[in-house]
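S.K.: fold the following for me, if possible:
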Amino acid sequence: MDNKVLEKLDKLVNEGKITPEEKEELLEAMGIKKETTQASLGLPEEIEIQGFKSADLEISGDNSVNCIIIEEGSEFINTKMEGSTLKIYPEFLGRKIFGIFGLLRIKLRMPSSVQEIAIKLVSGDLNIYNMSSRFLISLVSGDVKISQVDGKLNVNAISGDISIDDFNGEAEVVTKSGDIKVGNSKIKGILKTYSGDISLSEAELGEFKLSTYSGDIDIEKADFKGNGEIVTYFGDIEIEGNVNDISLKTETLSGEIYGAKLIEESLNKGKPLYEITARTKSGDISLKDISKGGRNE
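M.R.: So this is what the prediction gives:
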């Protein structure tokens, strides 16, 4: 790699004459992109990523590797080990932190079974897939996409949509403003948004609580494996699933109840395995049974 070329490009970025994206394009055109942007690290028990004001972050699991590989953005990253924790934070360029000139993209590949990964981002999207870990995620503004992940998931966001697919484990997901979508998952825990919709499709639900202040809650093709609470103050609740093993208690102050007979039957069939409550102050509640031989009157 020609270090002088990289130094000149860093200087241009520092001076604001080119964007980080343009630097990446120039490196790729010169055929040195992979040599300059890829770096490998050891394999710690825990990873902490923080300090990035504007960055898109992608984390993927790959059990064919035995270390952490920075596939993109390595020249703008500093790392240090503290005990068994690897800390990843921004590289300083002169007196300025990279990211004020444009959005930084960081791409990490690592073995799937890192014990714990803590992520703090101010602005940017987060994409995680093919991992078996505990995630602690804090995000001010940006979307989160989780796919093919086993373990524990804790997300606290101010603004942004959260999408979870093919997840198996326990989750506590909270966003102040944004939608939460879950599909093809075995999940238990808390999903909460203050302004946004919550939707689940083809999910196996253990003990759960779904809550939104202003938004609809839609559950499709669900299999209930635990007690649950579904609450919205201003919005509709739609429940579609296998209701053989549940009783459903409903409450709405201003709205209609659909599937009332089915709901009544769920309350009068003896002690159910699981109890579900659904409450809204202003909105409709509907129940649909998709079990074999289910009735939807």
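
S.K.: neighbours around S133, how many?
M.R.: The burial count assigned to S133 is 24, neighbours taken as other CB atoms under 10 Å. To be clear about C-beta, it is placed using only N, CA and C from the backbone, and glycine gets the same treatment.

S.K.: and it, that's in a strand?
M.R.: Yes - checked against DSSP: H, G, I helix; E, B strand; the rest coil, S133 lies within a strand.

S.K.: report the contact partners of it.
M.R.: Listed by CB atoms under 8 Å, 6 or more residues apart in numbering, the contact partners of S133 are S112, S113, V114, Q115, E116, I117, V149, G151.

S.K.: so the third one: helix, strand or coil?
M.R.: By that I understand V114. Recorded secondary structure, V114: coil (three-state DSSP).

S.K.: each with direction, which strands does the helix or strand containing I70 pair with?
M.R.: Per DSSP states H and E: I70 is located in strand 68-72. Taking DSSP bridges as the criterion, strand 68-72 sits next to strand 39-41 (antiparallel), strand 104-110 (antiparallel) in its sheet.

S.K.: only C-alpha atoms, please: export that strand in CSV.
M.R.: Only the C-alpha atoms of strand 68-72 are listed here, as CSV (Å, rounded to 0.1, in the frame of the first residue of the first chain):
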residue,chain,number,x,y,z
ILE,A,68,-12.8,-9.8,14.3
ILE,A,69,-12.3,-8.4,10.8
ILE,A,70,-13.0,-4.8,10.0
GLU,A,71,-14.0,-5.1,6.4
GLU,A,72,-14.8,-1.4,6.0
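
S.K.: and after it, which helix or strand comes next?
M.R.: strand 77-82.

S.K.: mean confidence for that next one?
M.R.: Taken as a whole, strand 77-82 has a mean pLDDT of 84.

S.K.: packing partners of it?
M.R.: strand 85-90 (3 or more CB pairs under 8 Å, 6 or more residues apart in numbering; DSSP states H and E).

S.K.: paired strands for the strand it packs on, with orientation please.
M.R.: strand 46-61 (parallel), strand 77-82 (antiparallel).

S.K.: among the contacts of S133, which one lies nearest to D166?
M.R.: Closest approach to D166 among the contacts of S133 (CB to CB): V149, at 7.5 Å.

S.K.: the closest one: which element?
M.R.: Using DSSP H and E, V149 maps to strand 144-159.

S.K.: what of L12?
M.R.: Assigned by DSSP H and E, L12 belongs to helix 3-14.

S.K.: contacting residues around L43?
M.R.: Residues in contact with L43 (CB under 8 Å, 6+ apart) are N66, C67, I68, M110, P111, V114.

S.K.: from those, pick the one nearest P90.
M.R.: Nearest to P90 out of the contacts of L43 is I68 (CB to CB; 17.0 Å).

S.K.: I47 is in contact with the closest one, correct?
M.R.: Yes - counting by CB atoms under 8 Å, I47 is a contact partner of I68 at 7.4 Å.

S.K.: what is in contact with those two at once?
M.R.: Common neighbours of I68 and I47, using CB under 8 Å, 6+ apart, are L86, M110.

S.K.: quick revisit: quick one: which of the contacts of L43 is most hemmed in?
M.R.: Neighbour count (other CB under 10 Å) singles out M110 as the most crowded of the contacts of L43, with 26 neighbours.

S.K.: the nearest residue to that one once chain neighbours are set aside and E91, how far apart?
M.R.: Spatially, and ignoring its direct neighbours in sequence, M110 is nearest to I68 (4.4 Å; CB to CB, 6 or more residues apart in numbering). As judged by CB to CB, to the nearest Å, I68 and E91 stand 16 Å apart.

S.K.: what mean pLDDT does the helix holding L12 get?
M.R.: pLDDT averaged over helix 3-14 gives 63.

S.K.: could you pull out the strands for the stretch 151-297 of the chain?
M.R.: Secondary structure of the stretch 151-297 of the chain (DSSP state E, counting those that start in this stretch): strands at 162-177, 180-183, 186-195, 198-201, 204-214, 217-224, 228-234, 237-242, 246-254, 257-258, 274-282, 285-289.

S.K.: how about CSV for these, with distance to I59, mean neighbour count and mean pLDDT added?
M.R.: Converted to CSV, the strands of the stretch 151-297 of the chain look like this (distance: least, CB to CB, whole Å; neighbours: other CB atoms under 10 Å; pLDDT from 0 to 100):
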stretch, distance to I59, mean neighbour count, mean pLDDT
strand 162-177, 14, 19, 98
strand 180-183, 19, 22, 98
strand 186-195, 20, 18, 98
strand 198-201, 24, 22, 98
strand 204-214, 25, 19, 97
strand 217-224, 29, 20, 96
strand 228-234, 30, 20, 97
strand 237-242, 32, 22, 94
strand 246-254, 36, 17, 92
strand 257-258, 42, 16, 92
strand 274-282, 34, 19, 95
strand 285-289, 37, 22, 94
